[in-house]
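[1] Generate a structure from the sequence data that follows.
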Amino acid sequence: MYVMLMCSLLLSPQSDEQKQINKQVTELAKKFYLAYENGDVDTILAMTVVPWYQDGKAILRTQDELKVELKKFLDQRDTSSGKRVPDVKLVAAFALMKERTAAKDRELLEQVARDDDYLALVMLKPADLNKKSENVVLLIRLKDGKAFAIGVKHTP
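    Numbering: from 1, shown residues only. As a prediction, the model looks like this:
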């Protein structure tokens, strides 16, 4: 099912507007995960807005809460493989993906994400090809022509 969805999204023609949206979402996702790999909480905070979906565990409603949780999030990242490079594999509208989300996650997601928000599936690739890659999803909102991260979810 997932492969079919990815193929249909990748093969369908895109308008210029959709190409621009994909570019904005991709650029933000790359910047976010470069800052993540560098442990730079202040740079990440500048790219975010609240409310924030925190990895299927909580909704953060203030910038202060978000800063504390992002610091914990950065401190828990896997640094054993060195710095990893973010590779955006898929950009999709939240509206297309929400029904494919587990009920528990969807309940939290719907407190933050709207149908016109986006998600970026990002693979964090280690420099050492013998090390394991990590898949993550970044939720992104476009507002007044700018992209902002509104949540993160690590995928198993």
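[2] Let me see the backbone angles for residue 136.
    Main-chain dihedrals, residue 136, degrees, to the nearest 10: phi -140, psi 160.
[3] So which residues of the protein form helices?
    If you assign secondary structure with DSSP state H, the helices in the chain sit at 2-11, 16-38, 41-46, 63-75, 94-97, 103-109.
[4] Can you redo the ones you listed as TSV, where the extra columns are mean pLDDT, mean neighbour count and distance to residue 133?
    C-beta here means a position set from N, CA and C on the backbone, and glycine is covered the same way. Conversion of the helices of the chain to TSV gives the following (pLDDT from 0 to 100; neighbours: other Cβ atoms under 10 Å; distance: least, Cβ to Cβ, whole Å):
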stretch	mean pLDDT	mean neighbour count	distance to residue 133
helix 2-11	48	10	16
helix 16-38	95	17	12
helix 41-46	97	16	21
helix 63-75	94	15	18
helix 94-97	92	17	21
helix 103-109	88	14	22
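[5] now for those helices, which one comes closest to residue 152?
    Of all the helices of the chain, helix 63-75 sits nearest to residue 152, with 7.4 Å by Cβ to Cβ.
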